[in-house]
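>>> Fold the following and give me the result.
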Amino acid sequence: MIKRLLAAAMLLPTFSNAPCWGEDLTTFSAGDRIVAAEVNKNFQLLQQQMDKQAQKIECVVSDMTGKWMYVRHDDDDSDYELGEIIFSSDLTLNWIVRTRDDGNRSFSGSYEIDSNDDKCAVEGKLFVDDATWDFYAWPNDSGDALPILVHKVAKDEFASQLLQRFNRKLLSD
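Predicted structure coming up:
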């Protein structure tokens, strides 16, 4: 309980002057009697403020467009794979794969966004050599990570990966 009080006290300067507060936090001075209901209300107000400040994506095309990356290695550590998936605003995508053994390869695909029933999902197809792979992805709330599940339809195999948004800008930009 004391740790929670200290944490709340450390957050007071951050939130107590915020213009969107509907109510003020209860403050305590040395010698004051601390009432659980007042402390609980402070925690509730702090939680409401943090929830308001949490970034949420809108689940629209602009939340997906841009470059996403992943890195992985073979189970026997003999090769690596650096992947970039670039989602375009026209609902097409380009997947570039770099490996030590195979060099650079590029594949195309398409995607759509499903934002029904309070969910945000991305579904699409990758055209890999002579095969078509289905993929399903679910962006996290802040829009910077994208877990993806790939179904290699012809082989009936599955693979998964965590994509991270690549948004670094070079100093020359």
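
>>> C-alpha from now on. contacts and neighbour counts both.
Noted.

>>> list the helices and strands the longest helix anywhere in the chain packs on?
For the chain, the helix that runs over the most residues, judged by DSSP state H, is helix 36-53. On a contact count with 3 or more CA pairs under 8 Å, 6 or more residues apart in numbering; DSSP states H and E, helix 36-53 meets helix 2-16.

>>> Give me the contacts around the next helix-or-strand element following the longest helix of the chain.
Next helix or strand after helix 36-53 toward the C-terminus (DSSP states H and E): helix 61-64. Outside helix 61-64, the residues within contact range by CA atoms under 8 Å, 6 or more residues apart in numbering are Ile57, Phe87, Ser89, Leu91, Ile113, Gly143.

>>> Report the buried residues of the next helix or strand after helix 61-64.
For helix 61-64, the following helix or strand on the C-terminal side (DSSP H and E) is strand 66-73. Buried residues in strand 66-73, defined by neighbour count with 16 or more other CA atoms under 10 Å: Gly66, Lys67, Trp68, Met69, Tyr70.

>>> Look up how far Asp141 lies from the residue located most distally from the centre of the chain.
In terms of distance from the mean C-alpha position of the chain, Gly31 ranks first, at 45.1 Å (CA atoms, centre = their mean). Gly31 sits 43 Å away from Asp141, going by CA to CA, to the nearest Å.

>>> And Glu157, by the same measure?
From Glu157 to Asp141 the distance is 28 Å (CA to CA).

>>> Name the residue in these two with the higher neighbour count.
Higher neighbour count among Glu157 and Asp141: Asp141, with 15 against 10, using other CA atoms under 10 Å.

>>> I'd guessed that one sits against Ile57; true?
Yes: contact status for Asp141 versus Ile57: in contact at 5.8 Å, counting by CA atoms under 8 Å.

>>> Show me the protein divided up by domain.
According to automatic domain parsing, the chain comprises the domains 2-53, 61-166.

>>> Now the terminal residues of the longest one, how far apart.
Going back to what we said before, that points to domain 61-166. Using CA to CA, one end of domain 61-166 lies 16 Å from the other.
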